[in-house]
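Q: here is a sequence with its predicted model. Questions after.
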There are 2 protein chains.
Amino acid sequence: MRASDIAYRTLRDEIIEWKLPPGTVLGEVEQAARLGVSRTPLREALSRLSADGLVQVASGRGLVVSEVSLGSIREMFEVRQALEERAASLAAQRRDKAVFLLLKVEFQEASALLDDRHAYYDLVSRFDGAVDTATGNPYLVSALRSVRTHLARIRRLAQDDPERLLAASAEHLLIVEAIVAGDAELAAHATHVHLYRSLQNVLKTMHAGHVAITA
Amino acid sequence: MRASDIAYRTLRDEIIEWKLPPGTVLGEVEQAARLGVSRTPLREALSRLSADGLVQVASGRGLVVSEVSLGSIREMFEVRQALEERAASLAAQRRDKAVFLLLKVEFQEASALLDDRHAYYDLVSRFDGAVDTATGNPYLVSALRSVRTHLARIRRLAQDDPERLLAASAEHLLIVEAIVAGDAELAAHATHVHLYRSLQNVLKTMHAGHVAITA
DNA sequence: CCAGGCCTCATTGTATACAGAAGAGGCCCG
DNA sequence: CGGGCCTCTTCTGTATACAATGAGGCCTGG
């Protein structure tokens, strides 16, 4: 594997996992030394992170990990809604029925894995992948990939509880059923509902003060 | 200005203007020599072009200018519709009324500048900028920027005729009026109509065989 | 004591040298 | 005569050295 890929993945994961909190200054020489690569591949990694929006240029002086504010989360969800609704709609029209029938069964049985958040997130991830494939639209997939990267960082704040996961699985189930039925409108609306509830949950968690974030 | 910016802008413009047609192999040493920069900033430029989707990695051996197919145009417009409709909708809710009142007048008088395509495109560009500002959503603006870059390349194929531009100005006028009125739904639907007609015009032009593109 | 300018140093931007990998071409063997 | 292997070339990926820019601090003058 290339050194620039290692640097990119490492930094991206560390940002997503809040090991590198927002506002952290990423000096080139410092990070290159820490990650054991030279400045050239590190700069490529930072360039990619900048394109992802995970880091931002700080007025001439270096790059800093981008902030996560209530406003930025709302903005992110606005874009996410636009893209995921369209993706769900297209998937309903173009899907391989068998794929989503299997996913339907999995979501029906999802209550069994609510103890293990990661198992559930993995199921959702496979669902997202199936939707991506079904849309057959690389541009859409690419745009969604970026959005989901940001979402992963926010998830660390939300700390979904089992109750929320149970509700989420029901919401997902409806989306899957709509896609299986080829009902594009329902798929879009059900996605809208799911994202609305998901955003509400994030905002609720944050207002509860379980986490400290920048205004 | 930085050398990497020069390389990026030059290459991007050349790709958009079809001076570098799809399939062109961009060797690092070759392009670096041609543009008068060293390989390091050139690589950063190529990295950005790759993030934009204007170039793609060609199985290990170098980067090539990405293809423009009928399918890719349709896919692009699917994403564009999702994003622009949402942007128009948000703009209608959050706009500075005065800004769009001025734009309304300009679009009403737009038939005067249909002789000069560039003047009209400039007006549209300012309209896009006003919408971006009104949404107040950097994520959305960023996603739209990428889409519009691809659109600029496609425009070179479409060769809008005066008749199409007249119709387009009427479509834009309705969008602007909806935004002025704060009617989010109408803004979204009018945008949908405009993009539908725009896509139809592109596809019509291409089927007419005025241009040769890859399948 | 405060403000403005200069100097210094750190950090980014650029160039180039080197190494490793992958493909094309030719040669040898079957 | 064809196919496979080997080699050579050329490209990308990486490291490091150098240049330029901007920020921060200190000194000096008012």
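A: Here it is on my side, so go on.
Q: got phi/psi on the closest residue to residue A:81 other than its chain neighbours?
A: What sits nearest to residue A:81 in space, not counting adjacent residues and going by CB to CB, 6 or more residues apart in numbering or on different chains, is residue A:195, at 5.1 Å. The way it works is simple: take the backbone N, C-alpha and C, and place the C-beta from them, glycine included. The main-chain torsion angles of residue A:195 are listed as degrees, to the nearest 10 and equal phi -70, psi -30.
Q: which ones are touching residue A:195?
A: Residues counted as contacts of residue A:195 (CB atoms under 8 Å, 6 or more residues apart in numbering or on different chains) are A:77, A:80-81, A:84-85.
Q: for it, give me the pLDDT.
A: What the model reports as pLDDT for residue A:195 is 98.
Q: domains for chain A, by residue range?
A: Structural domains of chain A, as assigned by automatic domain parsing, span the residue ranges A:3-65, A:70-207.
Q: ok, residue A:159 touching residue A:205?
A: Yes: distance between residue A:159 and residue A:205: 6.0 Å, which falls inside the contact criterion (CB atoms under 8 Å).
Q: nearest to residue B:34, out of the domains of chain A?
A: Comparison of the domains of chain A against residue B:34 by CB to CB identifies domain A:3-65 as nearest, at 21.6 Å.
Q: does the closest one come close to chain B?
A: Yes: using CB under 8 Å from any CB of the partner chain, we find that domain A:3-65 touches chain B at A:40, A:43-44, A:47-48, A:51, A:53.
Q: which of the residues you listed tops the neighbour count?
A: For these, the largest neighbour count, defined by other CB atoms under 10 Å in any protein chain shown, is 22 neighbours, found at residue A:48.
Q: report the contact partners of it.
A: Taking CB under 8 Å, 6+ apart as the test, what residue A:48 contacts is A:8, B:47, B:51.
Q: what bridges to residue A:55?
A: Taking DSSP bridges, one finds residue A:65 as the beta-bridge partners of residue A:55.
Q: now it: how far from residue A:64?
A: Between residue A:55 and residue A:64 the computed distance is 7 Å (CB to CB, to the nearest Å).
Q: so between the two, which is more surrounded?
A: Taking residue A:55 and residue A:64 together and counting by other CB under 10 Å, residue A:55 has the greater number of neighbours (26 against 17).
Q: now do the contacts for that one.
A: Counted by CB under 8 Å, 6+ apart, residue A:55 has contacts A:15, A:26, A:46, A:49, A:63-66.
Q: so which of these also contact DNA strand C?
A: Filtering the contacts of residue A:55 for neighbours of DNA strand C using CB under 7 Å from any atom of the strand leaves A:26, A:63.
Q: let me have the contacts of residue A:55 in CSV, extended by distance to residue A:127 and pLDDT.
A: Conversion of these to CSV gives the following (distance: CB to CB, whole Å; pLDDT from 0 to 100):
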residue, distance to residue A:127, pLDDT
A:15, 25, 97
A:26, 33, 96
A:46, 32, 97
A:49, 27, 97
A:63, 34, 94
A:64, 34, 95
A:65, 29, 96
A:66, 27, 96
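Q: the residue nearest to the spatial centre of chain A: what's it in contact with?
A: Among the residues of chain A, residue A:148 comes closest to the average C-alpha position under CA atoms, centre = their mean, at 2.3 Å. With contacts taken as CB under 8 Å, 6+ apart, residue A:148 has the following neighbours: residue A:128.
Q: which strand or helix spans it?
A: Under the criterion of DSSP states H and E, residue A:148 resides in helix A:138-158.
Q: what's the offset of that helix from the middle of its chain?
A: The chain centroid and the centroid of helix A:138-158 are separated by 3 Å under CA atoms, centre = their mean, to the nearest Å.
Q: stretch A:66-77 now?
A: Per CA atoms, centre = their mean, the displacement of stretch A:66-77 from the mean C-alpha position of its chain is 13 Å.
Q: flag every buried residue along it.
A: Taking 16 or more other CB atoms under 10 Å in any protein chain shown as the neighbour-count basis, stretch A:66-77 is seen to contain the buried residues A:66, A:68, A:72-73, A:75-77.
Q: keep the residues you listed, but drop any that are not near chain B.
A: Of the residues in the buried residues of stretch A:66-77, proximity to chain B by CB under 8 Å from any CB holds for A:72, A:75-76.
Q: and of those residues, the nearest to residue B:166?
A: Nearest to residue B:166 among these, counting by CB to CB, is residue A:75 at 35.8 Å.
Q: return the distance of the closest residue to that closest one other than its chain neighbours relative to residue A:207.
A: The shortest distance from residue A:75 to any residue that is not its chain neighbour, by CB to CB, 6+ apart, is 4.4 Å, and that residue is residue B:137. Distance from residue B:137 to residue A:207, counting by CB to CB: 21 Å.
Q: who has more neighbours, those two?
A: Set side by side, residue B:137 and residue A:207 show more neighbours around residue B:137, with 23 against 9, by other CB under 10 Å.
Q: got the contact list for the residue nearest to residue A:75?
A: Residues near residue B:137 by CB under 8 Å, 6+ apart: A:75, A:78-79, B:87, B:90.
Q: can you check residue A:167 too?
A: Residue A:167 sits next to residue A:197 when contact means CB under 8 Å, 6+ apart.
Q: same thing with the one 4 residues further on?
A: With contacts taken as CB under 8 Å, 6+ apart, residue A:171 has the following neighbours: A:190, A:193-194, A:197.
Q: cutoff 10 Å now
A: By CB atoms under 10 Å, 6 or more residues apart in numbering or on different chains, the contact list for residue A:171 reads A:107, A:190-191, A:193-198.
Q: picking that back up, so between residue A:159 and residue A:205, which is more surrounded?
A: Neighbour totals were compared for residue A:159 and residue A:205, and residue A:205 leads with 18 against 15 (other CB under 10 Å).
Q: re the thing from before, buried residues in the helix holding residue A:148?
A: For helix A:138-158, a neighbour-count test (16+ other CB under 10 Å) marks A:139-141, A:143-144, A:146-151, A:153-155, A:157-158 as buried.
Q: helix or strand next in line after it, which one?
A: Sequence-wise, the next helix or strand downstream of helix A:138-158 (DSSP H and E) is helix A:162-181.
Q: most neighbours out of the contacts of residue A:195, which is it?
A: Using other CB under 10 Å as the neighbour criterion, residue A:84 leads these with 25 neighbours.
Q: so who does the residue lying closest to it once chain neighbours are set aside touch?
A: Leaving out its chain neighbours, the residue that sits closest to residue A:84 by CB to CB, 6+ apart is residue A:191, at 5.3 Å. The contact partners of residue A:191, taken as CB under 10 Å, 6+ apart, are A:80-81, A:83-89, A:91, A:131, A:171-172, A:174-175, A:178-179.
Q: how near is residue A:191 to DNA strand D?
A: According to CB to the nearest atom of the strand, to the nearest Å, residue A:191 and DNA strand D sit 37 Å apart.
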